[in-house]
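Trainee: just coords:
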């Protein structure tokens, strides 16, 4: 199927501050698409424009073939969103919120099921004010899904969740997608993006600096392999003569060799040849984190807008 | 329509779960009634146009209830919802503005009605107040006043950025109206600037509109016109100024 969300040359400024300078991307139906970037990169502004919450200065936006700026009403019920910096009345109960938001779309999902799925069944009658940060996040995600949307925007969904709750949330995002819902995920957590996203764009200073599948981006921007082992041997300069090796660093007994190509095998061979047989020799691929740091590094002292 | 109904139900429950607002809406007019009822009694008096003071004040306090909702409760609630991101949350789910505002207005009307009934019951039972001459005309007067003050509440809540500021400004406005709008000192004793202010505050006309049917002076067309006019003006400004965040 075609793209369900397209953004072309989006630009949005708040007075003199340019939040989004030039952002374009397309989200295909049924994928989990990531919008990554440091704080203040323009991610949230972009999704807010896509939800019709803000008016773009220029550019073309389409969600399910509709213009969110002028056809928000038609999009209602087909798009779900979980927003940063939003809240519910303190004394509203969890079930009341789901019931209220569910009533916006006739024939919406049974919110009782959502309560179960998002681990809120025990909190059904709890007031919003009494929920922990993680429970509030889960309630917001449940509210985003209550109208059975075709596209859902999740903005910093796992912020404030503990590691166990994050993993549960990731599984649920995959579950959302497996039901056929397209997910647009805004995040600054690289492990989350690498684990979940089919494709992603990295945004910095309001511009797209990279786009592609996580593995493509790693291969392209951080192709290094890191070989690590422990050894008491002092002289390791011979490793520089191994083809592909670019750097050898050591901290105490721990050694890290960075390089490209089949460095693990070649380093292993070179070590064995010298009678060095470390029991913990292993290789690590660069992660999205290295790509992100490489592409979004800022000159020292320059703060995010 | 379902959403509006559910929103009204939720807002009503939220109101009832907030003890302070309940006390403010129900008890404050009653306290004023007890204090002034104790001071003046209900012996007919020339100062009050030959009516008993409590005959004069009871419809005025109904106006006071409407004013407390319009300038204190509703603006503070609306500004607070916006400040905390509740309106943002509603908007992201495309809850129509008309549902958000409509629910506020309906809930305000319901609270005003309950508060008004309690007030009138106390006045009739405790102070031997003469019942309204025309209860039939009292109802449209009440509804018109309530709608006009609701519009004013939405306007103020849209204009004033924070709940705190709305509360402070609202209390100030409310006291000015209490003293100068015909629910405090009898209008006859106000002189000079105070008399001019008496003619400037919206509550004056709502009070007169309510007193007409109660005291047997009939429907005040001029007063109704003035209340409707500022109600519509406030409503138009409210739609202009309404902001989600």
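Mentor: Now that the structure is in, tell me what you want to look at. What you are looking at is a predicted structure, and each value in this text was computed from that prediction instead of being measured. Numbering: from 1, shown residues only, chains lettered A, B, ... in the order given.

Trainee: going forward, measure contacts between C-alpha atoms and count neighbours the same way
Mentor: Fine.

Trainee: Now stretch A:137-151: average pLDDT?
Mentor: The average pLDDT for stretch A:137-151 rounds to 89.

Trainee: what does it rub up against?
Mentor: Stretch A:137-151 has contacts (C-alpha atoms under 8 Å, 6 or more residues apart in numbering or on different chains) with A:4, A:77-83, A:94, A:97-98, A:101-102, A:104-105, A:108-111, A:114-115, A:118-120, A:152, A:154, A:157-158, A:160-161, A:180-184, B:93.

Trainee: from these, which would you call buried?
Mentor: Burial by neighbour count, judged by 16 or more other C-alpha atoms under 10 Å in any protein chain shown, picks out A:4, A:77-83, A:94, A:97-98, A:101-102, A:104-105, A:108-109, A:111, A:114-115, A:118-120, A:152, A:154, A:157-158, A:161, A:181-184, B:93 from those.

Trainee: In strands, which of these appear?
Mentor: Among the buried ones among the contacts of stretch A:137-151, the ones falling in strands (DSSP state E) are A:4, A:79-82, A:152, A:154, A:182-184.

Trainee: and those as TSV, adding distance to residue B:216?
Mentor: Shown next, in TSV, are these (distance: C-alpha to C-alpha, whole Å):
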residue	distance to residue B:216
A:4	67
A:79	58
A:80	57
A:81	57
A:82	57
A:152	61
A:154	62
A:182	67
A:183	66
A:184	66
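
Trainee: Please go through the residues you listed and note which also touch chain B.
Mentor: By C-alpha under 8 Å from any C-alpha of the partner chain, the members of these lying near chain B are A:80-82.

Trainee: mind putting these in CSV, distance to residue B:178 included?
Mentor: Listed next are those as CSV, based on distance: C-alpha to C-alpha, whole Å:
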residue, distance to residue B:178
A:80, 47
A:81, 45
A:82, 44
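
Trainee: same for the host helix or strand of residue A:12, what does it pack against?
Mentor: Element membership of residue A:12 [criterion: DSSP states H and E] is strand A:3-14. Applying 3 or more C-alpha pairs under 8 Å, 6 or more residues apart in numbering or on different chains; DSSP states H and E, we find strand A:3-14 packed against strand A:17-28, strand A:58-63.

Trainee: I'd like to check what contacts whatever helix or strand comes next after the last one. Which residues are they?
Mentor: Next helix or strand after strand A:58-63 toward the C-terminus (DSSP H and E): helix A:72-75. Judged by C-alpha under 8 Å, 6+ apart, the contacts made with helix A:72-75 from elsewhere in the structure are A:51-52, A:63-64, A:66, A:68, B:94.

Trainee: Quick one: residues contacting residue B:65.
Mentor: Going by C-alpha under 8 Å, 6+ apart, residue B:65 touches B:25, B:29, B:112, B:115-116.

Trainee: before we move on, the earlier item: counting neighbours, which of the contacts of helix A:72-75 comes out on top?
Mentor: When neighbours are counted by other C-alpha atoms under 10 Å in any protein chain shown, residue A:51 leads the contacts of helix A:72-75 with 27 neighbours.

Trainee: OK, now which residue of chain B is nearest to chain A?
Mentor: residue B:85 (4.2 Å; C-alpha to the nearest C-alpha).

Trainee: Next one: that residue relative to residue B:10, how far apart?
Mentor: 17 Å (C-alpha to C-alpha, to the nearest Å).

Trainee: again, but for residue B:217
Mentor: Residue B:217 is 40 Å from residue B:10, where distance means C-alpha to C-alpha.

Trainee: From the chain's centre, how far out is stretch A:90-108? Work that out for me.
Mentor: 28 Å (C-alpha atoms, centre = their mean, to the nearest Å).

Trainee: And the average pLDDT for it is what?
Mentor: Mean per-residue pLDDT for stretch A:90-108: 87.

Trainee: What lies in contact with that stretch?
Mentor: Contacts with stretch A:90-108, where a contact means C-alpha under 8 Å, 6+ apart, come from A:77, A:109, A:111, A:123-129, A:139, A:142-143, A:146-148, B:2-3, B:6-7, B:10, B:14, B:17, B:93, B:95.

Trainee: what about the strands in the stretch 151-300 of chain A?
Mentor: Assigned by DSSP state E, counting those that start in this stretch, the stretch 151-300 of chain A shows strands spanning A:151-155, A:182-187, A:199-204, A:207-212, A:225-230, A:245-251, A:254-259, A:282-285.

Trainee: The third one pairs with which strands, parallel or anti?
Mentor: The pairing partners recorded for strand A:199-204 under DSSP bridges are strand A:32-36 (parallel), strand A:207-212 (antiparallel).

Trainee: for the chain, which spans come out with low pLDDT?
Mentor: As the question left the chain open, I've gone with chain A. The model of chain A has pLDDT under 70 over residues A:1, A:107, A:297-305.

Trainee: Contact residues of it facing chain B?
Mentor: Residues of chain A lying near chain B by C-alpha under 8 Å from any C-alpha: A:51, A:53, A:72-73, A:76-77, A:80-83, A:85-89, A:91-92, A:96, A:100-101, A:103-104, A:144.

Trainee: run the last query once more with 6 Å
Mentor: Within chain A, the residues that sit near chain B (C-alpha under 6 Å from any C-alpha of the partner chain) are A:76, A:86-88, A:100, A:103-104.

Trainee: Just the buried residues of those residues.
Mentor: Among the residues of chain A next to chain B, the ones that count as buried by 16+ other C-alpha under 10 Å are A:76, A:86-88, A:100, A:103-104.
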